[in-house]
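Engineer: Pasting a predicted model and its sequence here:
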Amino acid sequence: MAKHRLYIANGLSANVITPLDAPTTHYVLNVLRLRDGEQVEAFDGQGHCYLSALRINGKRNAQLDTSDKITVNRESPLHIELLQVLSRGEKMDWTIQKAVELGVSSIRPLTSKRCNVKLDTKRALSRHEHWQAVIHNACEQCGRNYLPQLHSLADIIQLADKATIVSNHKWLLHPDASEPLISDTTLEQESISILIGPEGGLSNDEMLTLSKAGFKLKKFGPRILRTETAAIAAIAAIQSQWGDMK
């Protein structure tokens, strides 16, 4: 088994020489300090993964020589979508990274009235690119060969009004809820959307809109959790009850 994994965005197939782009070449040569001929796992985020040999020509040119296909499925049988209201800087990065490691299928960053992070269009696009890189790195680390889908930043009310969320179960964590997160011993449908609000909570208008859109309030223990803690703890609990962490 190769020690390192590399995400290659351009698609992969067996027995093909694939040039590495400049950022990946820099990472391979100057961060990982790999040498010519070393073995890596290369994956394209679409389920294809190959054992590959690194071919180095000089200080700024590297290629991958793919060989045997690796057929390992590390995807959860449970489709989990995380709807996360923005948190500041590294907290949001950490939430996305750990959600990927825990097996979520898609991530929707959200804004809300009480969200303390405000992004204009340019910054939103920049953050989306940054979060996509976080997802790539998390998949490299945890062994996933499929990239979770990262949706564009959306306003929480507009998202709910458009009935965009089509999961069989739509849950909103809330400290005043009466129904616990893990309330059913069985789950007939295998798709869940879990929404985590901001530190200041959601407004009454947002709560009403989400309720009309089919979101059910769920309580997660007796303590009030920070937004980044709530997301990761909830996903882990869901995976332990109905997913692949049993």
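Structural biologist: That came through, no problem. From a predicted model like this one, the values you see are computed outputs, not experimental measurements.
Engineer: after the longest helix that the chain contains, next one along is what?
Structural biologist: Counting residues, the longest helix found in the chain (DSSP state H) is helix 121-142. Once helix 121-142 ends, the next helix or strand along the chain (criterion: DSSP states H and E) is strand 149-150.
Engineer: So Tyr50 versus Lys246, what's the distance?
Structural biologist: 30 Å (C-beta to C-beta, to the nearest Å). C-beta: built from backbone N, CA, C; applies to glycine.
Engineer: go on, Ser167?
Structural biologist: Using C-beta to C-beta, Ser167 is found at 21 Å from Lys246.
Engineer: and the next element down the chain from the helix or strand in which Lys91 is found?
Structural biologist: Using DSSP H and E, Lys91 sits in helix 89-101. Toward the C-terminus, helix 89-101 is succeeded by strand 106-111 as the next helix or strand (DSSP H and E).
Engineer: check contacts around Glu179.
Structural biologist: 216-219 (C-beta atoms under 8 Å, 6 or more residues apart in numbering).
Engineer: Just among those residues, which is most surrounded?
Structural biologist: Counting neighbours by other C-beta atoms under 10 Å, the top entry in those is Lys218, with 20 neighbours.
Engineer: quick one: which of the contacts of Glu179 sit in strands?
Structural biologist: 216-218 (DSSP state E).
Engineer: Tell me which other helices or strands the longest helix of the chain touches.
Structural biologist: Applying 3 or more C-beta pairs under 8 Å, 6 or more residues apart in numbering; DSSP states H and E, one finds that helix 121-142 makes contact with strand 4-7, helix 89-101, strand 106-111, strand 149-150.
Engineer: Check the secondary structure at the residue lying farthest from the centre of the chain for me.
Structural biologist: In the chain, the residue that sits farthest from the middle, by C-alpha atoms, centre = their mean, is Gly58; the gap is 35.3 Å. Of the three states, Gly58 takes coil according to DSSP: H, G, I helix; E, B strand; the rest coil.
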